[in-house]
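# output the structure for:
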Amino acid sequence: MLKWKRVVNLNPGERLAENLKIGNLELKEGTKLDRDMILKLRNSEIEWVCVYSVELDVYEIDLEPLLPHDFLDEMKESIDAIVNQVNTTGRFDPDFVREMSRRFVETVLEQYEKDVFMNLVKMRNFDEYTFAHHINVATISLIISKELGLNEIKIEKVAISALIHDIGKLDVPPYILFARRKLTDEEFEVMKKHPINGEKICRKSGLKDEEIISGVLQHHEKLDGSGYPYSLRDGEITYVGRIVGVADVYDALTTERPYKKPWTPYKALSHIIRSTKAFDTKVVNALIRAFGIYPAGTKITLSNGKKAIVVGSRKGMVYLPIVSFIDDDGRKITVDLSESKKIKILKVGW
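Now for the predicted structure:
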């Protein structure tokens, strides 16, 4: 992005967007300014210069994913296979899903025990939405379950349910499912039937565990009765439905779609925290413990005046994330605020 700046406000690391000459010194477009160059500019008669602004962007920083790339490729093949099974026969192989879930739980928890939680899966294009959403919702659900202290059997049930929670969307007409716009009221009513479609597919596939099925059927229900498809309330919603529901909302809000921009992770988390009547408080608190108040991707301003982006958080450090910013010499610096006494978070946003 081009920006006109007063010479007195230039920072090291910014690049010129024009050719300049200061005495015998020629500075060409694209030149990365250092302290000496800026000093010479300040001592010249030049008052304004055009530069390419140095700003971090959430999509330009390489946020390290929680899951290894080769494992994600393996999971994509497995999910594609399930989708193909349902599209062809109207059912999936429960044993195949259980084995996929077992590998998923093992890998996610192994990575999560490494102490630092980083980023979720980001789509390379809109066609990957289904895959990325299922993996993200399952990852979030699994970590929430771990933070809640659920036993291995319940954790596995949550994982299976989350991995297939949107399987019912395969019965939604493509023109609605892949609409690159906001749905009409009539189309949304059709979309709202996907949890019921999913339950039917699960039962047709021979899946008999009611708790697993409940996550597929209830992940859009809300404790205050404002959800769908049955407007269930509080005690009528299982622990699986509550966990998968929170994970689903968080990922949906932070994901870009053809018809909407993504919310920042901080904004999405803040929305969920404020929705006390809709979501289970214990589940929300577990989400906060896992992601921190400032999830990866959150833009913040630091006490040193730098614009930074959260790139991760150390478990237990809810208020002190790991951040990256550009220093005065144009270098990308990563700082763990839980280990820094000098740098604090001044505010959210730039």
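
# which stretches of the stretch 1-150 of the chain form strands?
Read by DSSP state E, counting those that start in this stretch, the stretch 1-150 of the chain holds these strands, from start to end of the chain: 2-6, 15-16, 20-22, 25-27, 48-52, 116-117.

# all helices for this protein, in order.
35-42, 69-89, 94-112, 129-148, 152-163, 174-177, 185-191, 194-204, 210-218, 239-254, 265-274, 281-291 (DSSP state H).

# could you give the angle of the second one to helix 129-148?
Comparing the axes of helix 69-89 and helix 129-148 via axes from the mean of the first three to the mean of the last three C-alpha atoms, to 10 degrees yields an angle of 120 degrees.

# any idea of the angle the top strand by length along the chain forms with helix 265-274?
Taking DSSP state E as the assignment, the strand of the chain that covers the most residues is strand 307-314. Relative orientation of strand 307-314 versus helix 265-274 (the same axes, to 10 degrees): 60 degrees.

# alpha carbons only: can I get strand 307-314 in PDB?
Once non-C-alpha atoms are left out, strand 307-314 reads as follows in PDB (Å, rounded to 0.1, in the frame of the first residue of the first chain):
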ATOM      1  CA  LYS A 307       1.600  -2.900  15.600                       C
ATOM      2  CA  ALA A 308       1.700  -6.600  16.300                       C
ATOM      3  CA  ILE A 309      -0.100  -9.800  15.500                       C
ATOM      4  CA  VAL A 310      -0.700 -12.700  17.900                       C
ATOM      5  CA  VAL A 311       0.900 -15.800  16.500                       C
ATOM      6  CA  GLY A 312       0.300 -18.200  19.400                       C
ATOM      7  CA  SER A 313      -0.100 -18.600  23.100                       C
ATOM      8  CA  ARG A 314       1.500 -20.700  25.800                       C
END
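
# and that strand, what other elements does it pack with?
In this structure, strand 307-314 makes packing contacts with strand 116-117, strand 299-302, strand 321-326, judged by 3 or more C-beta pairs under 8 Å, 6 or more residues apart in numbering; DSSP states H and E. The C-beta positions use only the backbone N, C-alpha and C, and glycine is treated the same way.

# now the second one, how far from the centre of its chain.
Taking C-alpha atoms, centre = their mean, to the nearest Å, the mean C-alpha location of strand 299-302 is offset from the chain mean by 18 Å.

# counting contacts, what elements does that strand pack onto?
strand 307-314, strand 321-326, strand 345-348.

# so which of the ones you listed is nearest residue 180?
Using C-beta to C-beta as the criterion, the shortest distance between residue 180 and those is 28.2 Å, found for strand 307-314.

# partner strands of that closest one, parallel or antiparallel?
When pairing is defined by DSSP bridges, strand 307-314 lines up against strand 116-117 (antiparallel), strand 299-302 (antiparallel), strand 321-326 (antiparallel).

# dump those to JSON lines, plus mean pLDDT.
As requested, the strands paired with strand 307-314 are arranged in JSON lines below (pLDDT from 0 to 100):
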{"stretch": "strand 116-117", "mean pLDDT": "56"}
{"stretch": "strand 299-302", "mean pLDDT": "92"}
{"stretch": "strand 321-326", "mean pLDDT": "88"}
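
# output those in JSON lines; the columns should cover distance to residue 9 and mean neighbour count.
Compiled in JSON lines, the strands paired with strand 307-314 are given as follows (distance: least, C-beta to C-beta, whole Å; neighbours: other C-beta atoms under 10 Å):
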{"stretch": "strand 116-117", "distance to residue 9": "36", "mean neighbour count": "19"}
{"stretch": "strand 299-302", "distance to residue 9": "17", "mean neighbour count": "19"}
{"stretch": "strand 321-326", "distance to residue 9": "15", "mean neighbour count": "22"}
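
# now tabulate the helices and strands packed on strand 307-314 in TSV and tack on distance to residue 34.
Rendered in TSV, the data for the helices and strands packed on strand 307-314 read as follows (distance: least, C-beta to C-beta, whole Å):
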stretch	distance to residue 34
strand 116-117	33
strand 299-302	22
strand 321-326	14
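
# nearest to residue 265, out of these?
Go through those one by one with C-beta to C-beta and the one that ends up closest to residue 265 is strand 299-302, at 9.6 Å.
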